[in-house]
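Participant: Provided below are the primary sequence and the corresponding predicted coordinates.
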Amino acid sequence: MKTHKSTKGKRKSKEMLAGYLMILPLMAGVAVFFIGAFFQNIYYSFTNKSSFGIPKFVGFQNYIQLFQDADFYRALVNTLLYVVICVPLVVVLAVLLAVLLNTKVKGIGFYRVCLFLPAVTLPAAIGLLWKWLLNYKFGLVNEILGTLGKGPVAWLSDSKIVLVSISLVFIWASVAYQVIILLAGLQGIPVCYHEAARIDGANGIKRFFKITLPLLSPSIFFVCVTTMINVFQIFDFIYLMIPQGSSGTEASRSLVTYFFEQSFVKFHKGYGAAISLMLFLLILIITAVQLVCQKKMVFYDD
């Protein structure tokens, strides 16, 4: 009996060792390129690091400069506007589209493929596509407006609407992936709840608000958290669609694009590290608030 147990224990130990060896390259990459880089970035935020020379420790000088920087506050306000515009629209549209795709409609497979295309398209391709569509002189959107008797709109250079233009592109590109998450959540809701409500005389709208939304709230909460984090990190669409130095640059600048400008255009990498750390703290605080609020907003069907 003891021999059998010892043999079983040795086999289990070998399996565990093999498992750890399998994940060792991944964990080494995480340790070097994520955890190590994170703490290195914190150190750089207290130095005057640039592309050349040995960085010198300057204490809180970068943070003092940061809180006196009008461009930083403008980028912060723009980022918060992106969040206010994009997150509610992405969540609402994703829920509505997921509910529609969860119904039995003729040709539903075709509709699903069309809707999921942005989810499998590279952000660079999406940015370049919409840059052409929203072009002031040759864009398809302005061509359509011209046929309707309206003049062209400077979607990507007018400081009053450029932020909204970038937000709409982000929403178009982000909804598809979130629909996949919500569609999986919808298909996990037991059918018996809807059948019982239908027997009791509840119509489709009541079933949606009384059954579907409460049971879908864990998936909706996940979508809210991930979408908000993605919006705070918005960069690729701004970088690809807005020409540098144009009149729409300042109006569309986010915290990440401002970090990029300071670190890789002006080579103020110590200052850029301070910007990225402030963005990290902002995301951390808002995510923590969301996790606290989920206790009252999310319903788990145990």
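Facilitator: Received the coordinates, thanks.
Participant: may I see the buried residues of the helix or strand harbouring L97?
Facilitator: Assigning secondary structure by DSSP states H and E places L97 in helix 70-101. Judged by neighbour count (16 or more other Cβ atoms under 10 Å), helix 70-101 contains these buried residues: 72, 75-76, 78-79, 81-83, 85-87, 89-91, 93-95, 97-99, 101. Using the backbone N, CA and C atoms, a C-beta is placed for each residue, glycine as well.
Participant: that one packs against which elements?
Facilitator: With contacts defined as 3 or more Cβ pairs under 8 Å, 6 or more residues apart in numbering; DSSP states H and E, the secondary structure elements packing on helix 70-101 are helix 108-116, helix 162-187, helix 213-232, helix 249-252, helix 255-260.
Participant: do me a favour and average the pLDDT over it.
Facilitator: Within the predicted structure, the mean pLDDT of helix 70-101 is 94.
Participant: could you give the angle of it to helix 213-232?
Facilitator: Helix 70-101 and helix 213-232 are oriented at 150 degrees to each other (axes from the mean of the first three to the mean of the last three Cα atoms, to 10 degrees).
Participant: how far out from the middle of the chain is helix 70-101?
Facilitator: Chain-centre distance of helix 70-101: 9 Å, with Cα atoms, centre = their mean, to the nearest Å.
Participant: what angle do that helix and helix 162-187 make?
Facilitator: Relative orientation of helix 70-101 with respect to helix 162-187: 40 degrees, computed using the same axes, to 10 degrees.
Participant: quick one: low-confidence ranges for the protein?
Facilitator: Across the chain, residues meeting the criterion (pLDDT under 70) sit at 1-6, 8-9, 301-302.
Participant: would you agree I238 falls within a helix?
Facilitator: Yes - counting by DSSP: H, G, I helix; E, B strand; the rest coil, one finds I238 located in a helix.
Participant: mean neighbour count and distance to W132 added to the helices and strands packed on helix 70-101, as CSV?
Facilitator: Listed next are those as CSV, based on neighbours: other Cβ atoms under 10 Å; distance: least, Cβ to Cβ, whole Å:
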stretch, mean neighbour count, distance to W132
helix 108-116, 13, 20
helix 162-187, 20, 12
helix 213-232, 19, 24
helix 249-252, 20, 17
helix 255-260, 22, 21
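Participant: okay if I get those as JSON lines plus distance to G19?
Facilitator: Compiled in JSON lines, the helices and strands packed on helix 70-101 are given as follows (distance: least, Cβ to Cβ, whole Å):
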{"stretch": "helix 108-116", "distance to G19": "34"}
{"stretch": "helix 162-187", "distance to G19": "28"}
{"stretch": "helix 213-232", "distance to G19": "28"}
{"stretch": "helix 249-252", "distance to G19": "47"}
{"stretch": "helix 255-260", "distance to G19": "37"}
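Participant: between those, which gets nearest to F52?
Facilitator: Each of the helices and strands packed on helix 70-101 was scored for nearness to F52 using Cβ to Cβ, and the closest is helix 255-260 (18.9 Å).
Participant: surely A202 meets T212?
Facilitator: No - no contact is recorded between A202 and T212 when judged using Cβ atoms under 8 Å, the distance being 11.3 Å.
Participant: and those two? Which one has more around it.
Facilitator: With other Cβ atoms under 10 Å as the criterion, A202 and T212 differ in neighbour count, and T212 comes out ahead with 20 against 16.
Participant: contact partners for the spatially most central residue of the chain?
Facilitator: When the chain is reduced to its mean C-alpha position, the closest residue under Cα atoms, centre = their mean turns out to be N230, at 1.7 Å. The contact partners of N230, by Cβ atoms under 8 Å, 6 or more residues apart in numbering, come to S174.
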